[in-house]
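J.: sequence below, structure please.
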Amino acid sequence: MSENYENNINLHENRELSLTLKFFSMEKKQILSPVTAVLLGIVLGVVITFFVLRSAPTLLLISKPCPPTLTEQQVGSYMHTFHTTAKLYQDTIKGLNVDLLQFNAMNCLFDKNPKLAGFRVYFGKDGNGRSTSMVVGIDNSGNDDRTLFYSASYRFSGPCPPICDTNIGTY
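T.: Alright, predicted model coming up:
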């Protein structure tokens, strides 16, 4: 019985070895030629690049929900309230700080109208006396595009001074 068992094992091992040798000795068929693989890679690269570039503005910009919109009448009212209570500014303006919420409003404006030449931020106070800013797009003539206004806080926005880096003298 032991010989029979050993013969069966040897036969089984020989079959496995034979199958393994056949598998490795088979001619491998080439699925893609090198030229086809290169062309396929170029086409895939172009397609991927197209989709990335098409969505580039939203990939590069901060994607947050747009702030609330305002009517032109609200903007006028907020600006009037601000100007009647604003302090006179007599220092030399060294710079301007734009708040992240204002930047987000600029992104939203640009998404709605990619032909904008720039943005303007007006300061105001809403009906409750809270400081706010109104962000509007600027057309190629330098005029406000009055079709859409966004409201944003300006906790970290304004002229420098007073809203400056403490190391401003080092520039």
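
J.: show me the domain layout of the protein.
T.: Using automatic domain parsing, the domain parsing of the chain gives 2-59, 69-170.

J.: mean pLDDT lowest for which of those domains?
T.: When the domains of the chain are ranked by mean pLDDT, domain 2-59 comes last with a mean of 59.

J.: quick one, strands of the protein?
T.: 69-70, 95-97, 118-125, 131-138, 144-152, 158-160 (DSSP state E).

J.: of these, which is nearest Ala86?
T.: For Ala86, the closest of the strands of the chain is strand 118-125, at 7.6 Å, according to C-beta to C-beta. For the C-beta atoms, the positions are set from N, CA and C on the backbone; glycine is no exception.

J.: elements contacting the closest one?
T.: For strand 118-125, the packing partners by 3 or more C-beta pairs under 8 Å, 6 or more residues apart in numbering; DSSP states H and E come out as helix 72-85, helix 100-112, strand 131-138.

J.: and these, which is most packed in?
T.: Mean neighbour count (mean count of other C-beta atoms under 10 Å) peaks for strand 131-138 among the helices and strands packed on strand 118-125, with a mean of 22.

J.: who touches that strand?
T.: Under the criterion C-beta atoms under 8 Å, 6 or more residues apart in numbering, residues 67, 70, 75, 78-79, 82, 99, 102, 105-106, 109-110, 113, 116-126, 144-146, 148-154, 157 lie in contact with strand 131-138.

J.: nothing else from me, thank you.
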